[in-house]
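[1] Here is a sequence together with a model predicted from it:
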Amino acid sequence: MKEQTNSSSMIDSVSSNNQSVSDNLESDTSSVGSDVSSDNTSSTGSTVDPATCSHSYESSITKHPRVLDEGEKTFTCKLCKHTYTEKLPKTKTLKVLALGNSFSVDAMEYLWDIANNAGVENIVLGNINISGCSLDMHWDNIVNDTTVSYKKNTTGTWKGKRSTVAEVLADEEWDIISLQQNSANSAFPDTYGNLNNLVNYISVCEPNARIVWHLTWSYQHTSKKEFFKEFDRDPIKMYNAIVSTYKEKVEPCELITSVTPSGTAVQNLRSSYIGDTITRDGFHMSYSYGRYIIGLTWFAALTGGNVDDVTWLPSDYPEMADDLPVIRQSVKDAIKTPLAITQQAKEK
Ligand SMILES: [Zn+2]
């Protein structure tokens with residue numbers, strides 16, 4: 001894993017003529033092109049007095065801006081080491097494509113409304129949502145140029161069509177592309193053999209996109225799924241196996257820049273007074289608490305936004321308003337500690 005980067009180079013060296021430097025800086029452009037004279041600097045530090053220095057700055061992005069999170073650029077004088085910072089504006093644009101399945105449907109169903117409510121201005125969601133689709137199946141579809149189910153949401157309403165994966169990737173200039181394993185395989189490392197093929201293909205098609213990993217959730221204790229027996233029908237055992245598989249197979253992949261910890265947010269909420277009750281069939285998220293908490297997790301992880309700023313609730317489930325504190329806390333703790341469960345309040 002590496003820190004997130006985007007298309008711009010981490011270090012964009014500003015030449016000493018400072019044309020891009022804003023007015024709040026007194027800069028002496030007479031230093032343009034001049035060599036740094038050796039008696040002004042040393043290799044370990046500066047002896048130049050900043051008060052009299054004819055500054056010659058170079059800059060680096062010390063924090064990349066995100067959708068709802070300002071970035072920062074730091075300027076450092078090559079001569080006297082004086083530094084100052086400038087804020088980089090929030091991008092206010094969220095363009096995310098999932099190569100997913102029904103679990104990414106759960107994740108994205110409320111995402112448009114949540115992001116819109118929190119002030120994201122340009123929202124484009126795409127989802128290749130073949131039922132039960134594994135990493136291997138996505139890769140086969142790419143190799144065979146198969147048409148797949150593609151849903152898109154730019155206005156708050158999902159619309160579907162059929163396209164090849166290559167056409168979907170070309171359909172938008174995606175900022176973020178999310179990958180996941182299907183739930184039946186999520187906890188089994190030997191099913192991740194095509195992950196690198198997928199990541200490499202995407203990074204060639206969409207070199208400016210950040211590739212992120214969707215850490216999916218474990219089944220509810222009531223699930224009748226056959227393979228769930230391998231985890232003694234214990235959601236925490238399955239969750240732990242999903243996390244260890246992530247660490248073994250996904251974390252080493254340098255082109256995957258971050259994790260969206262849905263499985264951890266779910267497990268956090270299950271530890272609260274809400275309990276292990278938030279699926280609709282033992283594994284898909286419920287239309288109320290389940291989809292809402294996953295939508296909030298995607299929002300927080302992908303935009304850098306604050307879940308406290310989201311007041312929107314799905315209109316069919318106003319009763320969730322009473323439980324917003326524990327839902328939000330479960331998400332915040334998952335963002336802060338994405339690969340471990342954080343115990344939540346046992347009483348309302
Ligand atoms: Zn200086």
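    Arrived safely.
[2] can you give me the strands in the stretch 151-300 of the chain?
    158-164, 176-179, 210-214, 256-260 (DSSP state E, counting those that start in this stretch).
[3] which residues touch the nearest residue to residue 70 once chain neighbours are set aside?
    Nearest residue to residue 70, sequence neighbours excluded (CB to CB, 6 or more residues apart in numbering): residue 87, at 4.9 Å. No exception for glycine: its C-beta is placed from N, CA and C like everyone else's. Counting by CB atoms under 8 Å, 6 or more residues apart in numbering, residue 87 touches 70-72.
[4] Now the phi/psi pair for residue 87, please.
    phi -80, psi 140 (degrees, to the nearest 10).
[5] pLDDT score for it?
    Note for residue 87: predicted pLDDT of 98.
[6] Could you do residue 5 as well?
    For residue 5, pLDDT reads 40.
[7] Quick check: which ranges of this protein have low pLDDT?
    Within the chain, the segments meeting pLDDT under 70 span 1-46.
[8] For it, what lies in contact range of the ion?
    53, 55, 77, 79-80, 82 (CB under 5 Å from the ion).
[9] Could you count how many residues lie near the closest residue to residue 180 other than its chain neighbours?
    Nearest in space to residue 180, with sequence neighbours left out and distances taken as CB to CB, 6+ apart, is residue 214 at 3.8 Å. Residues lying near residue 214 (other CB atoms under 10 Å) number 25.
[10] Bridged to residue 214, which residues?
    Counting by DSSP bridges, residue 214 forms beta bridges with residue 260.
[11] per the record, what domains does the protein have?
    Domain segmentation of the chain under automatic domain parsing yields 1-90, 93-336.
[12] Determine which stretch of these is the most buried.
    Highest mean neighbour count among these (mean count of other CB atoms under 10 Å): domain 93-336, with a mean of 19.
[13] First-to-last residue distance for that domain?
    23 Å (CA to CA, to the nearest Å).
[14] now do stretch 98-105
    One end of stretch 98-105 sits 9 Å from the other (CA to CA).
[15] same thing with stretch 341-348?
    19 Å.
[16] and what of stretch 90-103?
    29 Å.
[17] chain center to that stretch, what's the gap?
    9 Å (CA atoms, centre = their mean, to the nearest Å).
[18] With stretch 263-276 instead?
    21 Å.
[19] what residues are up against the residue nearest to residue 180?
    By CB under 8 Å, 6+ apart, the neighbours of residue 214 are 98, 100, 103-104, 107, 178-180, 259-260, 262.
[20] mind running it again at 7 Å?
    104, 107, 178-180, 260, 262 (CB atoms under 7 Å, 6 or more residues apart in numbering).
[21] And the residue nearest to residue 61 when sequence neighbours are not counted, how close does it get to residue 211?
    The spatially closest residue to residue 61, leaving aside those adjacent along the chain, is residue 73, at 5.4 Å (CB to CB, 6+ apart). Going from residue 73 to residue 211 by CB to CB, to the nearest Å gives 24 Å.
[22] Done for today, thanks.
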